[in-house]
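Chemist: Build me a model from this:
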Amino acid sequence: MNVNIHGKQTDIGDSLRGHIIDKLEDTNEKYFNRAIEANVTLSPEGHSQIKTHISIRVGKDIMVMSDAIAHDHYGSFDAACEKVAKQLRRYKKRLRDHHERLENSPEEHFIPARDIVISSDEDKSIEEQEKQDHSEPLVVAEMTTNIQTMSVSEAVMRLDLSGENALLFRNAQHNGLNMVHRRPDGNIGWIDPEGNQSSEPLKVVSG
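Modeler: Predicted structure coming up:
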């Protein structure tokens, strides 16, 4: 597994770097042993804390992400790494089944799409926001992405692993576009538009 470690406005010494690499490799070997790449970023948070962000690619388009904040570098990283380990432990069998399924059936079905980042209106005045309402939103960045075909249960797993708020996917059962999203009550919502075969407007999956 390739491990990339970055420090934003903070120094990463050899001892900490070795600790990060050893712990990530141990976690990967214990729970999955097929991770491709890990990225770790440590940065100051507030006046006296350190934030760690970890992202690990455990398969094509499957990411495990976690964040943690503590008063020192080691505590911050260890807390974030424990969150990763908890997720890998929870989905250990399903991740291995998914990997084996792709090896036996490498053909993938996806829809190419644009991933557009739109500027937030938080820093704009009321007058500027009113003008923006009558025009196209300001595009900050534009990337390409793939809308993957998968089951609802796999979409829920991917959403949980990534820490994202929503995931658009193509339902393998009827090939219609679906979305799973994280609800304020902690559960995961599943949106299946009318017109899809055997669809229901909205379902809630326990989180």
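Chemist: Show me which helix or strand of the chain is least confident by mean pLDDT.
Modeler: Ranked by mean pLDDT, DSSP states H and E, the weakest helix or strand in the chain is strand 202-205, scoring a mean of 51.
Chemist: Strands of the chain, start to end?
Modeler: Secondary structure of the chain, counting by DSSP state E: strands at 2-7, 37-45, 49-59, 62-70, 110-118, 139-150, 166-171, 177-182, 188-191, 202-205.
Chemist: any chance of the ones you listed in TSV, with mean neighbour count and distance to Asp14 too?
Modeler: C-beta: built from backbone N, CA, C; applies to glycine. Converted to TSV, the strands of the chain look like this (neighbours: other Cβ atoms under 10 Å; distance: least, Cβ to Cβ, whole Å):
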stretch	mean neighbour count	distance to Asp14
strand 2-7	14	11
strand 37-45	18	14
strand 49-59	20	17
strand 62-70	19	21
strand 110-118	11	36
strand 139-150	13	35
strand 166-171	18	38
strand 177-182	18	38
strand 188-191	18	41
strand 202-205	12	45
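Chemist: Dump those to JSON lines, plus distance to Ala85.
Modeler: What follows is the strands of the chain, written out as JSON lines (distance: least, Cβ to Cβ, whole Å):
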{"stretch": "strand 2-7", "distance to Ala85": "15"}
{"stretch": "strand 37-45", "distance to Ala85": "12"}
{"stretch": "strand 49-59", "distance to Ala85": "10"}
{"stretch": "strand 62-70", "distance to Ala85": "9"}
{"stretch": "strand 110-118", "distance to Ala85": "29"}
{"stretch": "strand 139-150", "distance to Ala85": "24"}
{"stretch": "strand 166-171", "distance to Ala85": "22"}
{"stretch": "strand 177-182", "distance to Ala85": "21"}
{"stretch": "strand 188-191", "distance to Ala85": "21"}
{"stretch": "strand 202-205", "distance to Ala85": "23"}
